[in-house]
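J.: Return a 3D structure for these sequence lines:
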Amino acid sequence: MARESLEALLERLQTTKSIEELQVWAHELRDHLGVSHVLYHTVKLNGENVGAFTYDIEWVRIYIENDYKSIDPVVLGAVRRFHPIDWKTLDWSPPAARKLLRDAMTFGIGNQGWSIPLWGPAGEFAMFTVNHRASDDEWQAIIRERAKDFLLIAHLVHQQAKRIINREVAEPTRELSPREREALTMLSAGMNRAEVADRLHISENTLRAYIDSARHKLGAMNVTHAVALALSHGIIGPNEALPKY
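T.: Numbers count the residues shown, from 1 in each chain. The predicted structure is shown next:
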């Protein structure tokens, strides 16, 4: 069942048409893998830096503002290698690197990581990372069991990101996905985010990704605006039955 579920998720990856949809997909992947976070980030791809990740957006802002990429052992290690990198093998002894790790953990970043460098012609470079909180033994067991899956996912995500950036996919749809409609329907009924996430059997982090995607498609300024627009356009109905799970 897990294998069939992963195959279905990878098939859905091929239908993503924008970085925003890829971002939602990253949250679904994180939940499927049962890890703390996943990250795909281009360093140089047709002059664009894009990412699809499950990290807290505040942590991403702090990382960029502090120019942590210039001292991040993961990034510095990845640009010199072609094989996957286990974070434990990197040098975290410099004070700046230790501070980076402490700051990351305050935002829920796990103590274990496996990063896959993705190289292409003309200096094209990107990276896919699986991050988790686990003991060394637990993490090594995960890598032994899922390494091939992680490698496959990394290359398929990279291929799809290139297709999106190069505009080789159809224009993104403005129609809400079933999950996006369900989330807005529940919010319109007065349920809070924790209740909606519990009802949909997803994390609040993943729910946030669905809501952000719906806001982007609707051109809404915030969640309340998104619900109002969905109601006014008949995308969800005021008397629509709540989904049952």
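J.: residue boundaries of the strands in this structure?
T.: 37-44, 51-53, 85-86, 112-119, 125-132 (DSSP state E).
J.: List the strands paired with the third one, with their directions.
T.: In the sheet containing strand 85-86, the strands it pairs with under DSSP bridges are strand 112-119 (antiparallel).
J.: mind checking how far the strand it pairs with is from the chain centre?
T.: Remark: strand 112-119 is offset 15 Å from the chain centroid, using Cα atoms, centre = their mean, to the nearest Å.
J.: in it, what counts as buried?
T.: Neighbour-count burial for strand 112-119, counted by 16 or more other Cβ atoms under 10 Å, picks out 112, 113, 114, 115, 116, 117, 118. In short, each C-beta sits where N, CA and C put it, glycine included.
J.: got it, and stretch 223-239?
T.: For stretch 223-239, the neighbour count (16+ other Cβ under 10 Å) marks 223, 226, 227, 229, 230, 231, 235, 236 as buried.
J.: got a list of what the first one touches?
T.: In this structure, residue 223 makes contact with 187, 211, 215, judged by Cβ atoms under 8 Å, 6 or more residues apart in numbering.
J.: what's the answer for the second one, then?
T.: With contact set as Cβ under 8 Å, 6+ apart, residue 226 has these partners: 184, 211, 214, 215, 218, 220.
J.: Contact partners for the last one?
T.: If I follow you right, that is residue 220. Per Cβ under 8 Å, 6+ apart, neighbours of residue 220: 214, 226, 228, 229.
J.: Please produce CSV containing the contacts of residue 223, extended by pLDDT.
T.: Formatted as CSV, these follow (pLDDT from 0 to 100):
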residue, pLDDT
187, 91
211, 89
215, 86
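J.: pLDDT-wise, which helix or strand of this structure ranks last?
T.: Each helix and strand of the chain was given a mean pLDDT (mean pLDDT, DSSP states H and E); the minimum falls on helix 2-13 at a mean of 83.
J.: Okay then, goodbye and thanks.
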